[in-house]
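In: coords please:
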Amino acid sequence: MRLGRDEFDVDTGQQQEATERYDEGRGLIGGDPNKRPDHIRWRPIPEDQPYFRLIDISAQKRARLDGFLHEGKQGNEGKAASSARPLEVEIGFGNGEFLLGRSARLVDRRFLGFEVKRNLCRALVREAGAASLGNLWISDDDARWALPQLALAGQVDVIHVLYPDPWWKRRHQVKRLFTLPFLDLVHTLLVPGGLLHARSDVEGYAELIVELVGEHGGFGANDPALAAPFDSDPPTRREAYCRSIDRPFWTMAFIRHASAGKSDGNK
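Out: Residues are numbered from 1 along each chain as shown. The predicted structure follows:
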């Protein structure tokens, strides 16, 4: 497993481009699916699996997905009923150790995972099937593109972003997940009092995350103690590796304020 260069820097031009062109899909891994050439087609996803790709999801699977995500929705207010199980989202689950372990342990919660590496999605859905988990769906879409289409505003209890790719090269920095528009999305998805839980073994990235969340204004101050309940869950492969070589990592946890506090970064 690679350590990376640990020379994390922020190119303000790339950061500004990622912010200003966020709504155009700038920085999406693989680009905007709606703009891909017709000859690019990924391997079809079996209809019976709790695994989806929005660009080619069938109406029947979309109905099942919506039933899972909007469990207990009542009336026309778009609010989840009190009987709905809490919903957690992990963005970039990698090999899935944390997501699989947590969903197996907490069957009274629903889990939605995103990972752009399709081979890792196929592996995880097999493991989830072997464990007969009925509370987990996954997608190989870029979460920044897919989540706004799932009508989950104010319905997510926890969002996990564990060891996001630092995208070391300057020309790739536009792909970094954490930007003010991304935090707008997180703020929109979380219930008031919901939690954004992030971890990184790149000190510079951790510092950038804390800085951006503070600048956003829609979240409380970083309080790593809020992430203590997750310490009983299996670590990600990256975290296990860091622990094995005594490499430091940083845990961040932010509560979503009840009031609107969205940035003007992509306006």
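In: show me how far the longest strand along the chain is from its chain's centre.
Out: In the chain, taking DSSP state E as the definition, the longest strand is strand 190-200. Relative to the centre of its chain, strand 190-200 is centred 10 Å away, using CA atoms, centre = their mean, to the nearest Å.
In: now the angle from the helix or strand following it to strand 190-200?
Out: Next helix or strand after strand 190-200 toward the C-terminus (DSSP states H and E): helix 203-216. Relative orientation of helix 203-216 versus strand 190-200 (axes from the mean of the first three to the mean of the last three CA atoms, to 10 degrees): 160 degrees.
In: for helix 203-216, packing partners?
Out: helix 180-189, strand 190-200, strand 250-255 (3 or more CB pairs under 8 Å, 6 or more residues apart in numbering; DSSP states H and E). For glycine as for every other residue, the C-beta is placed from the backbone atoms N, C-alpha and C.
In: give me the buried positions along that helix.
Out: 205-206, 208-210, 212-213, 216 (16 or more other CB atoms under 10 Å).
In: for that helix, what is the average pLDDT?
Out: Average pLDDT, helix 203-216: 97.
In: next structured bit after that helix?
Out: helix 237-244.
In: contacts for that following helix, please.
Out: Outside helix 237-244, the residues that touch it by CB atoms under 8 Å, 6 or more residues apart in numbering are 1, 94-95, 97, 162-163, 199, 201, 235, 247-249.
In: now the buried members of the residues you listed.
Out: Here, 16+ other CB under 10 Å leaves 94-95, 97, 162-163, 199, 201, 235, 249 buried among the contacts of helix 237-244.
In: parallel or antiparallel, list what pairs with the longest strand of the chain.
Out: strand 156-162 (parallel), strand 250-255 (antiparallel) (DSSP bridges).
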